[in-house]
Structures are given as structure tokens and as C-alpha cells.
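Peer 1: Build me a model:
(one chain, ligands or ions: 2)
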Amino acid sequence: MIRSITRQKPEEEIDQLLEGLGRVFIVGCGTCVTLTNTGGTPEVADMGEELAEKGKLSTGKTVLPVACDHLTGEALKEFGQQISQADVLLIMTCAFGVQTIARQLKKMVVPALDTLFIGKETSVGEFNEICTQCGACIIGETGGICPVTSCHKGLVNGPCGGTNDGKCEIDANKDCVWTLIYNRLKELDCLDTMRKYQKPRNHHGGEPTPGKWKLN
Ligand code: SF4
Ligand code: SF4
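Peer 2: Ligands and ions are numbered 1, 2, ... in the order given. As a prediction, this is how the structure comes out:
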């Protein structure tokens with residue numbers, strides 16, 4: 001199953017973000033963060049207890065069915081009073097959920113999680129990083145294998161000098177992704193595609209204004 005992979009921010013960072021904010025409403029989500037055990041019902045309850053031990057007052061908490069849905073603002077109306085009593089919303093969802101809520105409510109928001117990548121669960125609690133949504137997909141030229149996520153250095157123009165017997169110099173237990181790409185393209189008789197030079201990457205996906213997109 002593919003999902004947005006998150007992990008809880010370090011406690012000190014959350015403490016710092018909540019400094020001076022005594023009353024907190026906690027929001028979790030019933031989809032990805034529930035499945036990764038980072039923002040479902042038990043984690044929201046634990047967070048409430050941890051904050052109480054630190055002298056914060058929880059004005060309420062909820063786990064939204066889908067925090068990134070455009071109807072989230074409507075779903076939170078039910079908690080209008082508890083939210084208005086809070087200084088801040090502590091949001092235990094991926095960054096998409098946090099931004100969705102921030103756009104729909106006139107309230108300070110603090111994310112409790114870091115959003116890492118889109119991943120596929122390989123066994124319980126373990127994920128393979130599939131895509132970081134870099135905005136400039138090149139896997140059409142790499143045999144469908146993503147070097148941005150799979151190479152430790154994120155190299156897009158072939159291997160570094162450290163590749164050794166097909167293994168990665170950073171993690172010798174891992175195949176060098178550029179060896180995998182080479183073998184795959186060779187198998188497909190498409191090695192020529194490796195010759196294409198990938199220009200320096202604009203991590204804003206080629207758009208001139210960060211965060212602004214125009215499709216067609
Ligand atoms: S190159 Fe890799 S990280 Fe970028 S969009 Fe394609 S699959 Fe995702
Ligand atoms: S050995 Fe291969 S996978 Fe590892 S950092 Fe170098 S190019 Fe990337």
C-alpha cells in the first residue's frame with residue numbers, strides 16, 4: 001500500500017513550537033498517519049497525556065477521517081468552541097493535512113510530524129521510499145528506477161566514484177542504484193538513454209515562483 005510517510009518531530013522541537021501556547025487542540029487523521037502509527041487515535045491520546053504532564057491544557061482532540069480533504073474545515077466546525085478556546089492547533093497529520101487545515105481555519109497551527117516521502121509498506125512498520133515528488137521526473141530515462149530517492153547522494157547523471165562491485169559506498173548492503181539502472185537498461189537494450197545529460201535540477205519543479213503552479 002502506498003502512503004504518505006511521516007514521523008513524529010523530536011519532543012524538544014514540539015516543546016519549542018508550543019512555547020508560550022498553553023491551550024492546545026490536537027488533530028489527527030484516519031488515513032496515512034493512522035496506518036503509520038504517527039497520528040491516529042492512540043497517538044493523539046498519548047500526545048494529550050504528554051502535554052498535560054507538561055502543564056498544557058488540551059481543549060479537545062479529534063481524529064479527522066481525511067485531514068487533507070477540502071471538507072476538513074466543515075468537519076472541524078463541530079469542535080468550534082473547543083478550537084476557539086485553544087491558542088493553537090497541534091496537527092498530527094502529513095504536511096498536506098496541516099496546510100489544508102491552515103487554509104480553512106483562522107487559527108495558528110503547529111505540525112507535530114515531519115513528512116518524509118511517499119512510500120510503500122514492505123513489512124509492518126517498514127517502508128521503501130518510492131518518490132519524493134521532486135517535480136522533475138526522470139524515470140522515463142532510467143528504466144523506471146528512481147535515482148533521486150534510491151541513490152544516497154540523489155545523483156541523476158550516473159554513479160559516483162564510490163560504487164564498488166555494484167554496491168553503494170554509503171551502505172554496502174545496498175545495491176548501487178546506478179548499477180541497477182545500468183543492468184535494467186541493458187536488459188531492455190536501451191543503454192543509450194543513460195547518455196542523456198540531466199540538467200541541474202530546480203527543486204521547485206521548474207516553476208519560477210516557489211509554491212505556484214500552472215498546469216496547461
Ligand atoms: S524522479 Fe523520482 S522522486 Fe522525482 S518524481 Fe520521479 S520517481 Fe519521484
Ligand atoms: S554508490 Fe551508487 S547509490 Fe551509492 S551514492 Fe554512489 S551512485 Fe549513489
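
Peer 1: what sits against residue 36?
Peer 2: Each residue near residue 36 by Cβ atoms under 8 Å, 6 or more residues apart in numbering is listed here: 3, 5, 6, 125, 127. No exception for glycine: its C-beta is placed from N, CA and C like everyone else's.

Peer 1: Now the buried members of the residues you listed.
Peer 2: When the contacts of residue 36 are checked for burial by 16 or more other Cβ atoms under 10 Å, the buried set is 3, 5, 6, 127.

Peer 1: Please identify which pair of these lies farthest apart.
Peer 2: 6 and 127 (10.5 Å; Cβ to Cβ).

Peer 1: residues in the protein within reach of ligand 1, list them.
Peer 2: Counting by Cβ under 6 Å from any ligand atom, the residues of the chain lying close to ligand 1 are 131, 132, 133, 134, 137, 138, 139, 146, 148, 149.

Peer 1: Would you check how far apart residue 85 and ligand 2 are?
Peer 2: 51 Å (Cβ to the nearest ligand atom, to the nearest Å).

Peer 1: Which residue ranges make up each domain of the chain?
Peer 2: 2-116, 134-208 (automatic domain parsing).

Peer 1: any idea which of these is most buried?
Peer 2: domain 2-116 (a mean of 18; mean count of other Cβ atoms under 10 Å).
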